[in-house]
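Novice: structure of the sequence below:
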Amino acid sequence: MENSIGRQYGNKLRVRVCGLLIEEEKILLIKHRGLGDGHLWIPPGGGVEYGSSLKENLKREFLEETGLQIRVSELRFVNEFVKPPFHAIELFFLVERTGGQLRLGSDPEFDENHQILEVIKFFSFTEIAAMKENELHNLFSYCHSISGLLKMNGYFNY
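Specialist: Below you'll find the model as predicted:
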């Protein structure tokens, strides 16, 4: 873990919204530097800002990180992640692309010389299955297909 990530997100409860964008049987993921064992692939999303709805927050985060405008659909599941010094409540929504051009964006919580977003890519579940478990968000430990992902609902504590 990088010190800047620990300073920014550690030792406090963080509420996050995450978007599940599925196109052509692939899911959009972003590689984050400094998480997991050096890096971690996770769906786009980020922290909830006070005064904005969950859907507004997810639209903002998606645009910042991916360059895409989205329509936020249904809430699929909630994940609680606890691995000190991190504690996050993550709300996962299905989303649909409505505009924009796919590009790797940035995280405004970090300056341009210390960005944590590295790569953006659509992955098939065959590609995901070939990746190391510690390089993937924990949700992929429990679903191994698009249909499995779409069936997930409720509360998970990974």
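Novice: elements contacting the longest helix along the chain?
Specialist: Using DSSP state H, we find that the single longest helix of the chain is helix 54-66. Under the contact criterion of 3 or more Cβ pairs under 8 Å, 6 or more residues apart in numbering; DSSP states H and E, helix 54-66 touches strand 12-23, strand 26-33, strand 45-47, strand 68-83, strand 86-100, strand 117-123. Heads up, the C-betas are built off the backbone N, CA and C, glycines and all.
Novice: and if we set it to 7 Å?
Specialist: In terms of contacts (3 or more Cβ pairs under 7 Å, 6 or more residues apart in numbering; DSSP states H and E), helix 54-66 is packed against strand 12-23, strand 45-47, strand 68-83, strand 86-100.
Novice: which ones are touching the closest residue to residue 18 other than its chain neighbours?
Specialist: Counting by Cβ to Cβ, 6 or more residues apart in numbering, residue 45 is the residue found nearest to residue 18 once chain neighbours are left out, at 3.3 Å. Listed by Cβ atoms under 7 Å, 6 or more residues apart in numbering, the contact set of residue 45 reads 16, 17, 18, 19, 58, 61.
Novice: then residue 21?
Specialist: Counting by Cβ under 7 Å, 6+ apart, the residues that residue 21 touches are 27, 28, 95, 97.
Novice: which non-adjacent residue is nearest the first one?
Specialist: In this case it means residue 27. residue 123 (5.9 Å).
Novice: same question, the last one
Specialist: In space, not counting the residues next to it along the chain, residue 97 is nearest to residue 68; the distance is 5.4 Å by Cβ to Cβ, 6+ apart.
Novice: low-confidence ranges, this structure, go.
Specialist: Scanning the chain for pLDDT under 70 picks out the ranges 1-11, 34-37, 110-111, 113-115, 158.
Novice: give me the beta-bridge partners of residue 78?
Specialist: Residue 78 forms beta bridges with residue 91, residue 155, as assigned by DSSP bridges.
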